[in-house]
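Novice: I need the structure of the sequence given here:
(one chain, ligands or ions: 1)
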Amino acid sequence: MAAEPAHAPLYRRALLKLSGEALLGGTTYGIDPAAAMRFAREIHAASLSGTQMCVVIGGGNIFRGLAGAAYGMDRVKADYIGMLATVMNALALANALNQAGAQAAIHSAIPVEAAGVQPFQRDRALRDLSSGKIVIFAGGTGNPFFTTDTAAALRAAEMGCDVILKATQVDGIYSADPKLDPDAARYERLTYDEALTRDLKVMDAAAFALARDSRIPIVVFCIEAEGSIGAVLGGKADSTFVTAD
Ligand code: UDP
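Specialist: Below you'll find the predicted structure:
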């Protein structure tokens, strides 16, 4: 029998937004299985520590609709390719989770029956979470012109998550680009409205607005270091909190 966690977790149910880029690992295109395994181990550990884990996975390591449109593709078709890219990433992450000893269920706005990628159904996803599975949401919102950040805010609201963990390559939201401006300072806290009016690029406006309306805090943190998922769930990671006040 699994040991009981020593402390009650900070979050009862969390939604982790992983960009497709996170799956690049040491490569420049596609999926690095070693990166998928690292995230799988950390997500599994978080779930064993008592936080029910949802994951929304992006697709930018494979295809982005905007990039296709810039080359003259029809934007809607290009966005569907992007959404299908997220399904491939979800399959890779689910496979890694299984190899790490966890049970995973993919719920997709774009189901792919032959690959066992079931259609998103909220009640079934809730049952999967309650039975200890890690739930991966694929296919974004299922609509073109949206992003997987918006999908993260939407699924977090539907699933009653108490936090959105937005994984990025920097440890929060800065007053300017920290790579370009040495005076850039990290915000400890921001309100949703500040994030919206300052047009911060860390998530799109629709995602901030949805999170604000359902009052789900967003924690922006850096995913680069090993153990960062556990650290942010334990409240021990440098980060920016986006909340109502
Ligand atoms: N996408 C979409 N609708 C959605 C979510 C995603 O059309 O609801 C498409 C869009 O083309 C996007 C691509 O899927 O560029 C990959 O998603 P995203 O750019 O959000 O991935 P990430 O940047 O997180 O890797």
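Novice: confidence-wise, which helix or strand of this protein is lowest on average?
Specialist: helix 192-197 (a mean of 93; mean pLDDT, DSSP states H and E).
Novice: and that helix, what other elements does it pack with?
Specialist: helix 205-213, strand 239-243 (3 or more CB pairs under 8 Å, 6 or more residues apart in numbering; DSSP states H and E). Placement of C-beta: from N, CA and C, glycine included.
Novice: nearest to the ligand, of those?
Specialist: helix 205-213 (9.5 Å; CB to the nearest ligand atom).
Novice: pull out the buried positions in the closest one.
Specialist: Ala206, Ala207, Phe208, Ala209, Leu210, Ala211, Arg212 (16 or more other CB atoms under 10 Å).
Novice: anything in that helix near the ligand?
Specialist: No: judged by CB under 6 Å from any ligand atom, helix 205-213 makes no contact with the ligand; its nearest approach is 9.5 Å.
Novice: begin at 511, not 1, for the rest of this chat.
Specialist: Yes, from this point I'll number from 511; that puts the last item at helix 715-723.
Novice: give me the contacts around that helix.
Specialist: 656-657, 659-660, 662-664, 666-667, 674, 702-703, 705-706, 709, 727-728, 752, 754 (CB atoms under 8 Å, 6 or more residues apart in numbering).
Novice: can you name the next helix or strand after it?
Specialist: strand 728-732 (DSSP states H and E).
Novice: and stretch 626-635, C-alpha only, in CSV?
Specialist: Only the C-alpha atoms of stretch 626-635 are listed here, as CSV (Å, rounded to 0.1, in the frame of the first residue of the first chain):
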residue,chain,number,x,y,z
GLY,A,626,-7.3,5.4,-27.9
VAL,A,627,-7.7,9.2,-27.6
GLN,A,628,-11.2,9.6,-26.2
PRO,A,629,-13.4,12.6,-26.6
PHE,A,630,-13.3,15.1,-23.8
GLN,A,631,-16.1,14.5,-21.4
ARG,A,632,-16.1,16.4,-18.1
ASP,A,633,-17.8,13.9,-15.9
ARG,A,634,-15.6,11.0,-17.1
ALA,A,635,-12.5,13.2,-16.6
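Novice: any idea of the mean pLDDT for that stretch?
Specialist: Mean pLDDT, computed over stretch 626-635, is 97.
Novice: in it, which residues are buried?
Specialist: Buried-residue list, stretch 626-635, by 16+ other CB under 10 Å: Val627, Gln628, Phe630, Ala635.
Novice: ok, those residues vs the ligand, which is closest?
Specialist: The closest of the buried residues of stretch 626-635, once distances to the ligand are taken by CB to the nearest ligand atom, is Phe630, at 11.6 Å.
Novice: what's near enough to touch the closest one?
Specialist: His617, Ser618, Ala619, Pro621, Phe647, Gly649, Gly652.
Novice: then Thr701?
Specialist: Contacts of Thr701 (CB under 8 Å, 6+ apart): Val752, Thr753, Ala754, Asp755.
Novice: skip the chain neighbours and tell me the closest residue to the second one.
Specialist: So that's Thr753. Pro727 (4.7 Å; CB to CB, 6 or more residues apart in numbering).
Novice: so what's the residue count around the one you found?
Specialist: 18 (other CB atoms under 10 Å).
Novice: so it touches Val752, yeah?
Specialist: Yes: the pair Pro727 and Val752 passes the contact test of CB atoms under 8 Å, sitting 6.6 Å apart.
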